[in-house]
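K.L.:
Sequence plus the predicted model coming up.
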Amino acid sequence: MTSDLSHLSGELKERAKKVLGRSLAIREVDAGSCNACEVEVNALSNPVYDIERLGVHIVASPRHADLLLVTGPVNRNMEIPLIKTYKAMPEPRIVAAMGVCAISGGLFKGSYCCHRGVAEVLPVDVFIPGCPPRPQAIIQGIMEALDMMEAKRQTERPKGILP
Amino acid sequence: MSVEDLKEIMEGLPPAILPAIAHWEADAEQLTIQVEKGALPMLAGHLHRKHHARLISEHVADERREEGCFILYLVLILPRDKGVVTCLAEIEPLYGSFPSITSEIFAANWFEREVQDLFGLTAEGHPDPRPLMLYDDWPADRYPLRKDFDATVPIPRVPSHYAFKRVEGEGIFEIPVGPVHAGVIEPGHFRFSVAGEPIINLEIRLGYVHRGVEKLSEALPYAQGTFLAERISGDNGYSHSLAYCQAVEAAAALQVPERALFLRTVYSEMERLYNHMGDVAGIVLDTAFTPGAQMAYLLRERLMGLNESVSGSRFLRSLNCLGGVRRDIDHVASLRINAFLVKAKLDFNDFKMKVLGMPSFLDRTETTGVLSLEAARQLMVVGPVARASGIDIDVRRDRPYAAYKDVSFNVPLHREGDVQARFLVKCEEVYESISIIEQALDQIPAGPISVHMSAVPEMLARFSLVESHRGELMHWILTGAGCPHRHKVRDASFMNWPALEVAVPGNIVPDFPLVNKSFNLSYAGNDL
Ligand code: SF4
């Protein structure tokens, strides 16, 4: 597991540097999660994973974020805050749906106040499977997101900036 | 408690209530009183004042098809488990209201608001009838927990306004926080009214993670219900699924094998351990002593690794099944756990010594966020929060389930009610948990780890209490055909959230995260 982790981390660090030339900023939104997904996101900052050292930063404001990490099936009460958070992010922005709930609604599919995952509300770029996904899986997902980011940067120009 | 004691309660009732009592019965477990709804406040008030009964739950079941009415259930527990008293009252659908008991038992406040939201029944005389679970823009005529609610009809958003309490005066301003917070935590809204640094008033608005768990459960066969129960609140998922299993097993009158009871005890304590470790780490982190916090975070990560190596899941998921557990702990695994715990205890000692030797930590935590004994009693808080304010309750000791009657342990108690007291209670509980695991693994009997589930009879009401790391949680099930007819879940957080509103005012804004962390409440478990 440890060698697996150091391999993953090395790769992540390099990719972040190559794609962004700086740290990747992540904003997390709980859209009806059971909180185990949050526990795993928080575990990324503990001394074992410590993703800050790899150039991944979990930021307080969506205005600073490149990646929106969404957990939970998107329930009715968090739908509007989620969309507002997304809209507050600068472009190009990437959305990652983390966990079974965020992918398909999971066990909450069919509830009177839940969507069937994030894709019903926002354009999702990366899906991170698991219930909850282990920290290694989240790191893997972040790397996928970086690849998408690179692709997006080449095709889209940020709005409001002259070519 | 014997049947005689419970009968004595009946004999001691004030004469004014007697005509309103339609029926009552007492067995070794509980006293059930069926009463006219008008007499509920008086009865509840009497039980609370005279017998110090504590409210466990107040909820409603839609039994219009079976009984022609809604039935309100009031579940009270007498101190030191002198038994449970359940009061039932019929609510005619035509009038759709019941008298509020909040003025008699303040802790009923949120329960009644929840009933109003989900059933559309009015709690008459409720001091604060604003919505709780459903968001402000929920239409007025859709009540999800009624049996005739049709989830396929889309629910429109209607314009509305939630009135926060306003504090007015010179220099007072409001700080709204949430639902999306700066850190990676669950969503909730906090409205602070402050005068400079000190907080004058805090109002908490929850319900953001409401997912309709109770309704979903009514369509899930019992065997699958354990999976939903685990996802009510992820980090105390094991306790939730245990409570669910115990309630269904009680309805089926199923005897769970001894070995499974011991395994359930071990798993419960493993859950408490990794969570308490996270809690104490969080408190230390919020006092800005990062190196200390990381020591505990590292231990927590290792404990989660231990969970995984023993059970296959970092969160001890999918371990419970109706009739026992799914996964055994063999001799090798048990040696591994023991060896791990010996080391963990030493590391934890180290952590505790470093932290408690830090003047800045002591300075930040002492007298911060005090919850007085009186307030704690009034709000009927549970778990470590109660034990840090001097209330001596613990389900594991008072109503032993699994194998808790076969192990000996202390219930740590502090009286100060501040952040430090909560920190110390949790620290001491870590040692108790370690000792419980060691004892349970030592005594574990051989035998099967589960039995085949028998049929569950219909229309039986059973409930189960479990001490999660946050405190007492309850699952109450009225059985139906193959699935629960009504499944009421009450997480420990539901009792403890209102206490945060009391503990915070008077502190300065930067101390709020610290106080909040020391309560460590679940939003998902509260909002369901
Ligand atoms: S995916 Fe699993 S762990 Fe994550 S929020 Fe959903 S139920 Fe919880």
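P.N.:
Perfect, thanks for sending it.
K.L.:
for residue 22, what are its contacts?
P.N.:
Going with chain A. Taking Cβ atoms under 8 Å, 6 or more residues apart in numbering or on different chains as the definition of contact, the neighbours of A:R22 are A:A16, A:G55. Backbone N, C-alpha and C define where each C-beta goes, glycine included.
K.L.:
other chain: chain B
P.N.:
Taking Cβ under 8 Å, 6+ apart, we find B:A22 in contact with B:Q34, B:V35, B:E36.
K.L.:
which one of those residues is nearest the ligand?
P.N.:
Closest approach between the contacts of B:A22 and the ligand, by Cβ to the nearest ligand atom: B:Q34, at 38.7 Å.
K.L.:
still on that earlier bit, of the contacts of B:A22, keep whichever come out buried.
P.N.:
Buried residues within those, defined by neighbour count using 16 or more other Cβ atoms under 10 Å in any protein chain shown: B:Q34, B:V35.
K.L.:
Can you give me the domain boundaries for chain B?
P.N.:
With automatic domain parsing as the criterion, the domains of chain B are listed as B:3-124, B:173-205, B:213-517.
K.L.:
Of the ones you listed, which is nearest the ligand?
P.N.:
Closest among those, using Cβ to the nearest ligand atom: domain B:213-517, at 4.1 Å.
K.L.:
Let me see the residues that make contact with the lowest-mean-pLDDT helix or strand in chain B.
P.N.:
Confidence across the helices and strands of chain B bottoms out at helix B:3-11, with a mean of 77, counting by mean pLDDT, DSSP states H and E. Residues outside helix B:3-11 that contact it (Cβ under 8 Å, 6+ apart): B:W24, B:A26, B:D27, B:A28, B:Q30, B:L31, B:I33, B:L47, B:H51, B:K82, B:G83, B:V85.
K.L.:
Just give me how far the next helix-or-strand element following that helix sits from the chain centre.
P.N.:
Toward the C-terminal end, the helix or strand that comes next after helix B:3-11 (DSSP states H and E) is strand B:21-26. The chain centroid and the centroid of strand B:21-26 are separated by 28 Å under Cα atoms, centre = their mean, to the nearest Å.
K.L.:
Which SSE is immediately downstream of strand B:21-26?
P.N.:
For strand B:21-26, the following helix or strand on the C-terminal side (DSSP H and E) is strand B:30-35.
K.L.:
so what does the next helix or strand after that following strand touch, helix or strand wise?
P.N.:
Past strand B:30-35, heading to the C-terminal end, the next element that is a helix or strand (DSSP H and E) is helix B:40-51. When contacts are defined as 3 or more Cβ pairs under 8 Å, 6 or more residues apart in numbering or on different chains; DSSP states H and E, helix B:40-51 packs onto strand B:69-77, strand B:84-91, strand B:97-99.
K.L.:
returning to what we had before: and the contacts of B:A22 as TSV, adding distance to chain A?
P.N.:
Putting the contacts of B:A22 into TSV (distance: Cβ to the nearest Cβ, whole Å) gives the following:
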residue	distance to chain A
B:Q34	31
B:V35	32
B:E36	33
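K.L.:
overlap between the contacts of B:A22 and the residues near the ligand?
P.N.:
Among the contacts of B:A22, not one lies near the ligand by Cβ under 6 Å from any ligand atom.
K.L.:
Contact partners for B:P198?
P.N.:
Counting by Cβ under 8 Å, 6+ apart, B:P198 makes contact with B:G506, B:N507, B:I508.
K.L.:
The second one contacts B:T368, doesn't it?
P.N.:
Yes: B:N507 lies in contact with B:T368 (Cβ atoms under 8 Å); the separation is 6.1 Å.
K.L.:
who touches both of the two?
P.N.:
Between them, B:N507 and B:T368 have B:V515 as joint contacts when contacts are counted by Cβ under 8 Å, 6+ apart.
K.L.:
rewinding a little: now find how far off-centre the least confident helix or strand of chain B is within its chain.
P.N.:
A distance of 28 Å separates the C-alpha centroid of helix B:3-11 from that of its chain, computed with Cα atoms, centre = their mean.
K.L.:
Walking through chain A, point out its helices one by one.
P.N.:
With DSSP state H, the ranges of helices along chain A come out as A:2-20, A:36-43, A:76-87, A:99-104, A:135-155.
K.L.:
can I get the CA coordinates of the second one in CSV?
P.N.:
Coordinates of the C-alpha atoms in helix A:36-43 are reproduced here as CSV (Å, rounded to 0.1, in the frame of the first residue of the first chain):
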residue,chain,number,x,y,z
ALA,A,36,-18.1,9.3,5.3
CYS,A,37,-17.0,10.9,2.0
GLU,A,38,-16.0,14.0,3.9
VAL,A,39,-14.0,11.9,6.3
GLU,A,40,-12.0,10.5,3.4
VAL,A,41,-11.4,13.9,1.9
ASN,A,42,-10.2,15.1,5.3
ALA,A,43,-8.0,12.0,5.5
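K.L.:
gap between the residue nearest the centre of chain A and B:G506?
P.N.:
Nearest residue to the geometric centre of chain A (Cα atoms, centre = their mean): A:L69, 2.6 Å. From A:L69 over to B:G506 the distance is 36 Å, taken as Cβ to Cβ, to the nearest Å.
K.L.:
ok so, going back, ok, which of the domains of chain B comes nearest B:D141?
P.N.:
Between B:D141 and the domains of chain B, the tightest spacing by Cβ to Cβ is seen for domain B:3-124, at 7.6 Å.
K.L.:
how long is that closest one from one end to the other?
P.N.:
The separation between the terminal residues of domain B:3-124, taken as Cα to Cα, to the nearest Å, is 34 Å.
K.L.:
again, but for stretch B:96-113
P.N.:
The first residue of stretch B:96-113 is 14 Å away from its last residue (Cα to Cα).
K.L.:
Do any residues in that stretch lie close to chain A?
P.N.:
No: Stretch B:96-113 lies apart from chain A when judged by Cβ under 8 Å from any Cβ of the partner chain; the minimum separation is 15.4 Å.
K.L.:
what's in contact with that stretch?
P.N.:
For stretch B:96-113, with Cβ under 8 Å, 6+ apart as the criterion, the contacting residues are B:37-38, B:40-42, B:44-45, B:48, B:54-55, B:57-59, B:70, B:72, B:74, B:89, B:91, B:120-133, B:378-380, B:494-495, B:497-498.
K.L.:
Give me the next element, helix or strand, following the longest helix along chain B.
P.N.:
With DSSP H setting the assignment, residue counts place helix B:258-286 as the longest helix in chain B. Counting by DSSP H and E, the element after helix B:258-286 in chain order, helix or strand, is helix B:290-311.
K.L.:
That next one close to the ligand?
P.N.:
No: residues of helix B:290-311 contacting the ligand under Cβ under 6 Å from any ligand atom: none, with a closest distance of 13.4 Å.
K.L.:
What residues of that helix count as buried?
P.N.:
Within helix B:290-311, the residues scored as buried using 16+ other Cβ under 10 Å are B:292-304, B:306-307, B:310-311.
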